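Enquirer: coordinates only, sequence not included:
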């Protein structure tokens, strides 16, 4: 399945207050390898950028003045995301903004076009509870080079997230390979062709087994089921032996 790593930068923190996406990046991965396919847009939000957000990403209104609007790129974006697993860090934030923008552009929610959404922040919290799990902390933990990340930028962050995700899920790679290999196994094997190896019990093992049954028989006051079955089998065998001897006489 195609996996697409997405990051956004925005004018503020809350789409319900009218904040908009000003940058979005998406990079594609197949079979745990980046394909080189990616989308990257700067967008005119048609509103002022909050000072707090400006301090995070450094993108100002003057830079965005001549950029396209979300409605101008929505068709190309959805076409790129169609049917893929979308992977984001703190996915609820990005999904809320994307759904807000899609609604303004008269499009369906993101869930209608993608296969699923994976939140790497949730994954990291489960792996490292109580620790810092932002993107910088994960890059440090997994030794992913983020030295060029002085400010937040959607494209760089999406690419870093892809590297972090590979490191976080590295242990699953061999498992996936084993599962893929298992699909080549013919499970319709004729059971009659299989050779059952039977290892007979040794004399010591048989004696220990008998002693154990006798102890259980004593403690249960004659109600040991295994002992009763064993005695019944012994009696049946003796009876069959007598019948055989009678026929031979």
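Expert: Ah, there it is. What you see is a predicted model; the values in this text were computed from it and never measured.

Enquirer: so where do the strands sit in this structure?
Expert: Taking DSSP state E as the criterion, the chain carries its strands at 3-10, 21-30, 33-42, 85-88, 116-119.

Enquirer: looking at the ones you listed, which is nearest to residue 79?
Expert: Of all the strands of the chain, it is strand 33-42 that lies closest to residue 79, at 9.6 Å by C-beta to C-beta. All C-beta atoms are positioned from the backbone trio N, CA, C, and that covers glycine.

Enquirer: which of the strands of the chain is buried the deepest?
Expert: strand 3-10 (a mean of 25; mean count of other C-beta atoms under 10 Å).

Enquirer: per-residue confidence averaged over that strand?
Expert: Here strand 3-10 scores 97 as its mean pLDDT.

Enquirer: which helices and strands does that strand pack with?
Expert: With contacts taken as 3 or more C-beta pairs under 8 Å, 6 or more residues apart in numbering; DSSP states H and E, strand 3-10 sits against strand 21-30, helix 51-57, helix 70-81, strand 85-88, helix 91-104, helix 154-168.

Enquirer: which of these has the lowest mean pLDDT?
Expert: Among those, helix 51-57 carries the lowest mean pLDDT (a mean of 91).

Enquirer: got the buried residues for that helix?
Expert: 53, 54, 57 (16 or more other C-beta atoms under 10 Å).

Enquirer: give me the contact list for that helix.
Expert: The contact list for helix 51-57 (C-beta atoms under 8 Å, 6 or more residues apart in numbering) reads 9, 10, 11, 12, 13, 19, 22, 23, 60, 151, 152, 153.

Enquirer: count of neighbours near the spatially closest residue to the fourth one that is not a sequence neighbour?
Expert: Put plainly, it is residue 12. Nearest residue to residue 12, sequence neighbours excluded (C-beta to C-beta, 6 or more residues apart in numbering): residue 19, at 3.7 Å. Counted with other C-beta atoms under 10 Å, the neighbours of residue 19 add up to 20.

Enquirer: residue 19 contacts residue 8, doesn't it?
Expert: No. Residue 19 lies out of contact with residue 8 (C-beta atoms under 8 Å); the separation is 10.9 Å.

Enquirer: by mean pLDDT, which helix or strand of the chain comes out lowest?
Expert: Across the helices and strands of the chain, mean pLDDT, DSSP states H and E gives its lowest value to helix 170-182, namely a mean of 53.

Enquirer: that older thread, quick one, which of the helices and strands packed on strand 3-10 is nearest to residue 127?
Expert: Closest among the helices and strands packed on strand 3-10, using C-beta to C-beta: helix 154-168, at 7.0 Å.

Enquirer: can you give me how far the closest one is from the chain middle?
Expert: Relative to the centre of its chain, helix 154-168 is centred 16 Å away, using C-alpha atoms, centre = their mean, to the nearest Å.

Enquirer: cool, and stretch 76-91?
Expert: 16 Å.

Enquirer: and the end-to-end length of that stretch?
Expert: 21 Å (C-alpha to C-alpha, to the nearest Å).

Enquirer: swap in stretch 137-155?
Expert: Taking C-alpha to C-alpha as the criterion, the two ends of stretch 137-155 lie 18 Å apart.

Enquirer: can you give me how far it is from the chain middle?
Expert: The chain centroid and the centroid of stretch 137-155 are separated by 22 Å under C-alpha atoms, centre = their mean.
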